[in-house]
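[1] Return a 3D structure for these sequence lines:
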Amino acid sequence: MRTSEKGLQIIREFESLRLEAYLCPAGVWTIGYGHTDGVKKGDKITEYMAEEYLKMDARNCERALAKYIIPKINQNQFDALVSFTFNIGTGYKFQQSTLLKKVNANPMDESIAYEFSRWKHDKNGVELAGLVRRRKMEADLYFSKD
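    Numbering: from 1, shown residues only. As a prediction, the model looks like this:
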């Protein structure tokens, strides 16, 4: 399965486009729409490259979901989970998350919405309004019927 435009749009909205490298709140050099691989201070890119990085990073999330999601899920569920993993990563935190366990147990379990909402803090435990909005948007997409 591939990320649809709906999923990419959520990522674009919350990651924001930055054509010059910057230090994100986690202290990692970042560029484009949240791209971090190989980014260093002083890097600059075009909007075209930002889109290419976005698609490449989304494909990494897609591969992880293919590996860790057991049941068949629909496109909206997939897109919501791509946005989620794009933000938190596909490593240990995601692999051990209750959200993943609940999706694998029953992808229609309504408590999955709550599991999205739990991921709203920065590395210092501070609740971020942007993450609250993002998680609500992801959960709404996950459970949307269209």
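[2] now the helices for the protein?
    Assigned by DSSP state H, the helices in the chain fall at 5-15, 47-68, 75-88, 92-95, 98-105, 112-117, 129-142.
[3] what's the longest strand in this structure?
    Determined from DSSP state E, the single longest strand within the chain is strand 18-23.
[4] and the angle from that strand to helix 47-68?
    60 degrees (axes from the mean of the first three to the mean of the last three C-alpha atoms, to 10 degrees).
[5] now strand 18-23: mean pLDDT?
    Taken as a whole, strand 18-23 has a mean pLDDT of 97.
[6] Using the centroid of this protein, identify the residue furthest from it.
    Distance to the chain centre peaks in the chain at residue 42, reaching 25.3 Å (criterion: C-alpha atoms, centre = their mean).
[7] and the residue lying closest to that residue once chain neighbours are set aside, how many residues sit next to it?
    Spatial nearest neighbour of residue 42, chain neighbours left out: residue 21 (6.4 Å); criterion: C-beta to C-beta, 6 or more residues apart in numbering. Heads up, the C-betas are built off the backbone N, CA and C, glycines and all. By the other C-beta atoms under 10 Å criterion, the neighbourhood of residue 21 contains 18 residues.
[8] so residue 21 sits right up against residue 41, yeah?
    Yes - with contact defined as C-beta atoms under 8 Å, residue 21 reaches residue 41; the gap is 5.9 Å.
[9] overlap in contacts of these two?
    Each of residue 29 lies in contact with both residue 21 and residue 41 under the rule C-beta atoms under 8 Å, 6 or more residues apart in numbering.
[10] Out of the helices of the chain, flag the one nearest residue 31.
    Nearest to residue 31 among the helices of the chain is helix 47-68; the distance by C-beta to C-beta comes to 7.4 Å.
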